[in-house]
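Peer 1: pasting a predicted model and its sequence here:
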Amino acid sequence: MSYQKLDIYNIAFELYIETHKLSLKLPKYELYELGSQLRRSSDSVVTNIAEG
């Protein structure tokens, strides 16, 4: 079974997309620190699910 068919992967991927969009709306002083951390951590969840 492909990881792309897993419900948890699809939910995490949707959250990753939403987190990325919202993190770009943070104030400039947070964009590169907190925003970057949010984007990297949400990407990490999706990547870890894909890696198994």
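Peer 2: Yep, that arrived.
Peer 1: restricting to C-alpha, output the helix or strand of the chain with the lowest mean pLDDT in PDB.
Peer 2: In the chain, no helix or strand scores lower on mean pLDDT, DSSP states H and E than helix 28-31, which sits at a mean of 88. The C-alpha coordinates for helix 28-31 follow below in PDB (Å, rounded to 0.1, in the frame of the first residue of the first chain):
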ATOM      1  CA  LYS A  28       8.100  40.300   9.200                       C
ATOM      2  CA  TYR A  29      10.000  39.900  12.500                       C
ATOM      3  CA  GLU A  30       8.500  36.400  12.900                       C
ATOM      4  CA  LEU A  31       8.600  35.400   9.200                       C
END
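Peer 1: how deep is the nearest residue in space to His20 that is not next to it in sequence tucked in, by neighbour count?
Peer 2: Once flanking residues are discounted, His20 sits nearest to Arg39: 5.5 Å by C-beta to C-beta, 6 or more residues apart in numbering. Yep, even glycine has a C-beta here, placed from its N, CA and C like the rest. Using other C-beta atoms under 10 Å, Arg39 has 16 other residues around it.
Peer 1: ok, Arg39 - contacts?
Peer 2: Thr19, His20, Ser23 (C-beta atoms under 8 Å, 6 or more residues apart in numbering).
Peer 1: Leu6 now?
Peer 2: Ile49.
Peer 1: cool, and Gln4?
Peer 2: Asn10.
Peer 1: which of the contacts of Arg39 fall within helices?
Peer 2: Using DSSP state H, the subset of the contacts of Arg39 located in helices is Thr19, His20, Ser23.
Peer 1: just checking, the first one touches Ser42?
Peer 2: So the one you mean is Thr19. Yes - taking contacts as C-beta atoms under 8 Å, Thr19 lies within contact range of Ser42: 4.2 Å.
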